[in-house]
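1. 3D, please:
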Amino acid sequence: MSARTNLVLKDRAATPVSHTFSPDGDDANGVHIFSEKVGVPAGYSRYTGSLRQTNGRFRAQLKLAVPVTQTQVINGVSSPVVVRTAFIEVGMTFDGLSSEQERADAIGMMVDSLLPVQTQINDMIVKLSDIY
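-> Purely as a prediction, here's the structure:
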């Protein structure tokens, strides 16, 4: 079992930026919450993770929410508002009899599928261009 610490995640900018998500505890369902405390709380990016065991299977769920904020001015008063949010969810289910290597191999293949060099997948999820 790992101790909870900051998560440092790099984006895909031309000059990659490291984003630091600090632990924020758990919600009522035992979901671990991390947030990138930049700007106003409504605009914090959030990363959550959970692990559940049912019927001999382990289900891990990871989620990332990245809001975009802008300043609105109403009657001369400026305030930040969330104008859109990107949501990403990754779910995994492993049999209780699976080996650590089997799980590592499956995760490795999924991570590899998300790299920019996998152009058909990258174009579908980043450029929103379907595969034909």
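
2. Excluding sequence neighbours, find me the nearest residue to Ser45.
-> The shortest distance from Ser45 to any non-neighbouring residue, by CB to CB, 6 or more residues apart in numbering, is to Glu36 (4.2 Å). C-beta: built from backbone N, CA, C; applies to glycine.

3. Tell me who's in contact with the one you found.
-> Counting by CB atoms under 8 Å, 6 or more residues apart in numbering, Glu36 touches 19-22, 44-47.

4. Tell me which two in these are the farthest apart.
-> Spanning the widest gap among those are Thr20 and Arg46, at 13.0 Å by CB to CB.

5. Would you pull up how far the host helix or strand of Ala86 lies from the middle of the chain?
-> In this structure, Ala86 sits in strand 77-95 according to DSSP states H and E. How far strand 77-95 lies from its chain's middle: 8 Å, per CA atoms, centre = their mean, to the nearest Å.

6. rewinding a little: let me have the contacts of Glu36 in a markdown table, adding pLDDT and secondary structure as columns.
-> As requested, the contacts of Glu36 are arranged in a markdown table below (pLDDT from 0 to 100; DSSP: H, G, I helix; E, B strand; the rest coil):
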| residue | pLDDT | secondary structure |
| --- | --- | --- |
| His19 | 96 | strand |
| Thr20 | 97 | strand |
| Phe21 | 97 | strand |
| Ser22 | 96 | strand |
| Tyr44 | 96 | coil |
| Ser45 | 97 | strand |
| Arg46 | 97 | strand |
| Tyr47 | 97 | strand |
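
7. Note down every partner strand of the helix or strand hosting Phe58 and its orientation.
-> Element membership for Phe58 (DSSP H and E) is strand 57-74. Paired strands of strand 57-74, with direction, are strand 45-54 (antiparallel), strand 77-95 (antiparallel) (DSSP bridges).

8. tell me the most buried of those strands?
-> Ranked by mean neighbour count, these are led by strand 45-54 with a mean of 15 (mean count of other CB atoms under 10 Å).

9. If anything else comes up later, I'll come back, but that's it for now.
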